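In: whatever this is, show me its structure:
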Amino acid sequence: MGTTQLESVPEPKYWHLKTVLSEALDHDFAVGEILPNERELAARFGVARATLRQALEQLELEGRLQRRRGVGTTVAPPRVGVAVGSARHSWPGESADGWEAVDAAEALPTAAVLKLLAAGSGSAASGSAASGSAVFAADQPVHTVRRTRVTEGQVVAAELLYVPAASVPGLSAIDAPAGPARARAVLRELQRLALDGQDRSVELGSARADDAKELDRLPGAPVLLVTTRYFTAGGTAAVSVATYRADTCRLTFGDEGVEITETRVAS
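Out: Below you'll find the model as predicted:
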């Protein structure tokens, strides 16, 4: 990064500084690299620290930088596209979808999980009618598969996949009793079903304490919540709730629907 002083410009000084810093990120820094401290940066560019902070905050909003607790300001990792509303349908875990299995547990569903499973039952899924109407009861166990999405060694999303035991009747507790192996076993059994369709919704939310810890954010930090329902001939076979760091994702609109794309930063 050079030491060029900023001259008088018609646009706000912090905005011009943001452009200069953005170019430096493209050419002089690698993903995950820690930026010099504010005092050093302000001295190099001949600006007040308040101006520098405005530029850094804007770059953070644009997904170019990340403020990490106990680390400092780092160059944000690349973003990986996740199709929402696409015509391409697949079960979780198929086609190297970028998620890593963490664990799986079986328990009776909470009221919130029951509501999720029942919400899309019997509805049309992206043009494919999910015939039948599954009825979920509080006394029927549900497998909760936990997965994470990692980019450049950093967790950018966490997912909870709810799979009713009735959707995976062939699952054996003996083969893989716990951990990532158990999670993969649930996914394999789910993939044996014929997928009729799926639908997805995206909304802005706040990170819960457990999500915040996994995503290295503060509780209440903005996140994107992507809910996906998977349909078979009998109705809803599974529901996924994925929580993405809002500072690592953006929504883009393409010919095949909406995508969540994670920003790519050149190193």
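In: so where's this structure uncertain?
Out: Within the chain, the segments meeting pLDDT under 70 span 1-10, 78-88, 120-135, 173-175, 250-267.
In: now the strands for it?
Out: 65-68, 72-75, 82-84, 99-107, 124-125, 128-129, 142-151, 154-164, 197-206, 222-232, 235-245, 250-254, 257-261 (DSSP state E).
In: now those strands as CSV including mean neighbour count and distance to residue 116?
Out: Yep, even glycine has a C-beta here, placed from its N, CA and C like the rest. Below are these laid out as CSV (neighbours: other Cβ atoms under 10 Å; distance: least, Cβ to Cβ, whole Å):
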stretch, mean neighbour count, distance to residue 116
strand 65-68, 18, 30
strand 72-75, 18, 35
strand 82-84, 20, 17
strand 99-107, 16, 15
strand 124-125, 18, 15
strand 128-129, 14, 20
strand 142-151, 20, 10
strand 154-164, 22, 6
strand 197-206, 16, 11
strand 222-232, 21, 7
strand 235-245, 24, 5
strand 250-254, 11, 22
strand 257-261, 18, 20
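In: tell me which of those strands lies nearest to residue 26.
Out: Taking Cβ to Cβ, strand 72-75 is the member of those nearest to residue 26, at 9.8 Å.
In: what helices and strands are in contact with that closest one?
Out: Strand 72-75 sits against strand 65-68, with contacts defined as 3 or more Cβ pairs under 8 Å, 6 or more residues apart in numbering; DSSP states H and E.
In: show me the residues around the spatially closest residue to residue 143 that is not a sequence neighbour that make contact.
Out: Once flanking residues are discounted, residue 143 sits nearest to residue 163: 4.4 Å by Cβ to Cβ, 6 or more residues apart in numbering. For residue 163, the contact set (Cβ atoms under 8 Å, 6 or more residues apart in numbering) comprises 142, 143, 144, 145, 186, 190, 237, 238.
In: and stretch 43-50, which residues are buried?
Out: Residues of stretch 43-50 classed as buried by neighbour count (16 or more other Cβ atoms under 10 Å): 45, 47.
In: centre of the chain to that stretch, how far?
Out: In terms of Cα atoms, centre = their mean, to the nearest Å, the centre of stretch 43-50 is set 35 Å apart from its chain centre.
In: show me what contacts residue 214?
Out: The neighbours of residue 214, taking Cβ under 8 Å, 6+ apart as the test, are 148, 155, 158.
In: could you rerun that using 10 Å?
Out: Applying Cβ atoms under 10 Å, 6 or more residues apart in numbering to residue 214 gives the contacts 102, 146, 148, 155, 157, 158, 207, 208, 243.
In: farthest pair within those?
Out: By the measure Cβ to Cβ, 102 and 207 form the most distant pair in those, at 17.4 Å.
In: output the strands of the chain in JSON lines; the columns should cover distance to residue 212.
Out: Shown next, in JSON lines, are those (distance: least, Cβ to Cβ, whole Å):
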{"stretch": "strand 65-68", "distance to residue 212": "13"}
{"stretch": "strand 72-75", "distance to residue 212": "18"}
{"stretch": "strand 82-84", "distance to residue 212": "21"}
{"stretch": "strand 99-107", "distance to residue 212": "16"}
{"stretch": "strand 124-125", "distance to residue 212": "31"}
{"stretch": "strand 128-129", "distance to residue 212": "36"}
{"stretch": "strand 142-151", "distance to residue 212": "14"}
{"stretch": "strand 154-164", "distance to residue 212": "10"}
{"stretch": "strand 197-206", "distance to residue 212": "9"}
{"stretch": "strand 222-232", "distance to residue 212": "9"}
{"stretch": "strand 235-245", "distance to residue 212": "9"}
{"stretch": "strand 250-254", "distance to residue 212": "20"}
{"stretch": "strand 257-261", "distance to residue 212": "19"}
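In: among the ones you listed, which is nearest residue 16?
Out: Nearest to residue 16 among the strands of the chain is strand 65-68 (16.9 Å), distances taken as Cβ to Cβ.
In: list the contacts of that closest one.
Out: Residues outside strand 65-68 that contact it (Cβ under 10 Å, 6+ apart): 21-22, 25, 29, 32, 34-35, 55-60, 72-77, 154, 216-217, 245, 247-248, 265.
In: each with direction, which strands does it pair with?
Out: The strands beside strand 65-68 in its sheet (DSSP bridges) come out as strand 72-75 (antiparallel).
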